[in-house]
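J.: dropping the sequence and predicted coords here.
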Amino acid sequence: MPRENKSKYAILGILSFGPQSGYDIKKKIESSTSNFWSESYGQIYPILKQFVAQGLATQSIKPQVGKPDRHVYMLTDKGLMELQQWLTEPVEPQVDRIEILLKLFFGEQTTVTDNILHVEQFRKQQQQLLQKYQAIAQAAQDADQINTPYWLMTASYKLHVTQALINWCEETLAKLNQMAEKI
């Protein structure tokens, strides 16, 4: 059975904040969910067209001076019900594509030194991300909006995962360094 494209729910969710153009939706995603869910214009616009055809959203055209007309989409009651129904369904397991693990899986095909460098680079990236997520959590806390507790939950997830990845890097580097000593 093919996996359902969840992009439509991300866009329904963004539209639940109020009427928006495809450009507005992209910017809202970049400033809110992009640390755990992103969408491209190539995904957004076809989905918006489907929403209108399926009655999940309406479209209005706002003329602009010196610019193309602005197409604004608004969630319908049917669209809101679709989003709310999906929000009650269980989360499907997913398989991540993690390049560092793929490289380590085939680590025998290169040097231990190369593997150490990869893990050190990955650790540095995770440390930078940890700082980023700490700033996001602080900004969400400072926002003090009705959605703040939910935004903090997503930031907390990223903080926990990133810290766990840093811990994994330390453990993996210790093992790789032991391997390097034996060579």
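T.: Now that the structure is in, tell me what you want to look at. Not measured: the values here are computed from a predicted model. Residues are numbered from 1 along each chain as shown.
J.: quick one: the strands in this protein, in order.
T.: 20-21, 57-62, 70-75 (DSSP state E).
J.: okay, those strands in JSON lines with distance to residue 81 and mean pLDDT next?
T.: C-beta here means a position set from N, CA and C on the backbone, and glycine is covered the same way. What follows is the strands of the chain, written out as JSON lines (distance: least, Cβ to Cβ, whole Å; pLDDT from 0 to 100):
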{"stretch": "strand 20-21", "distance to residue 81": "19", "mean pLDDT": "96"}
{"stretch": "strand 57-62", "distance to residue 81": "12", "mean pLDDT": "96"}
{"stretch": "strand 70-75", "distance to residue 81": "10", "mean pLDDT": "96"}
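J.: mind putting those into a markdown table with distance to residue 179 and mean neighbour count?
T.: What follows is those, written out as a markdown table (distance: least, Cβ to Cβ, whole Å; neighbours: other Cβ atoms under 10 Å):
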| stretch | distance to residue 179 | mean neighbour count |
| --- | --- | --- |
| strand 20-21 | 53 | 19 |
| strand 57-62 | 56 | 14 |
| strand 70-75 | 55 | 19 |
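J.: which among the ones you listed is found nearest to residue 8?
T.: strand 57-62 (10.5 Å; Cβ to Cβ).
J.: just the angle between the closest one and strand 70-75, please?
T.: 150 degrees (axes from the mean of the first three to the mean of the last three Cα atoms, to 10 degrees).
J.: can you pull out the low-pLDDT segments for this protein?
T.: Filtered on pLDDT under 70, the chain yields the residue ranges 1-3.
J.: go again using 80 as the cut-off
T.: Counting by pLDDT under 80, the chain contains low-confidence residues at 1-4, 144.
J.: picking up where we left off before, can you redo the strands of the chain as a markdown table with distance to residue 47?
T.: A markdown table is the format used below for the strands of the chain (distance: least, Cβ to Cβ, whole Å):
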| stretch | distance to residue 47 |
| --- | --- |
| strand 20-21 | 13 |
| strand 57-62 | 9 |
| strand 70-75 | 10 |
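J.: what's the burial count for residue 147?
T.: 11 (other Cβ atoms under 10 Å).
J.: so it versus residue 140, what's the distance?
T.: Residue 147 is 9 Å from residue 140, where distance means Cβ to Cβ, to the nearest Å.
J.: any idea how the protein splits into domains?
T.: 7-88, 99-182 (automatic domain parsing).
J.: hmm, back to that, nearest to residue 124, out of the strands of the chain?
T.: Of all those, strand 20-21 comes closest under Cβ to Cβ, at 36.5 Å.
J.: residues contacting the closest one, please?
T.: 14, 28, 70, 71, 72, 73 (Cβ atoms under 8 Å, 6 or more residues apart in numbering).
J.: check stretch 90-106 too.
T.: By Cβ under 8 Å, 6+ apart, the residues outside stretch 90-106 that reach it are 3, 115, 118, 119, 122, 172.
J.: which members of those residues are the farthest-apart pair?
T.: 3 and 115 (32.4 Å).
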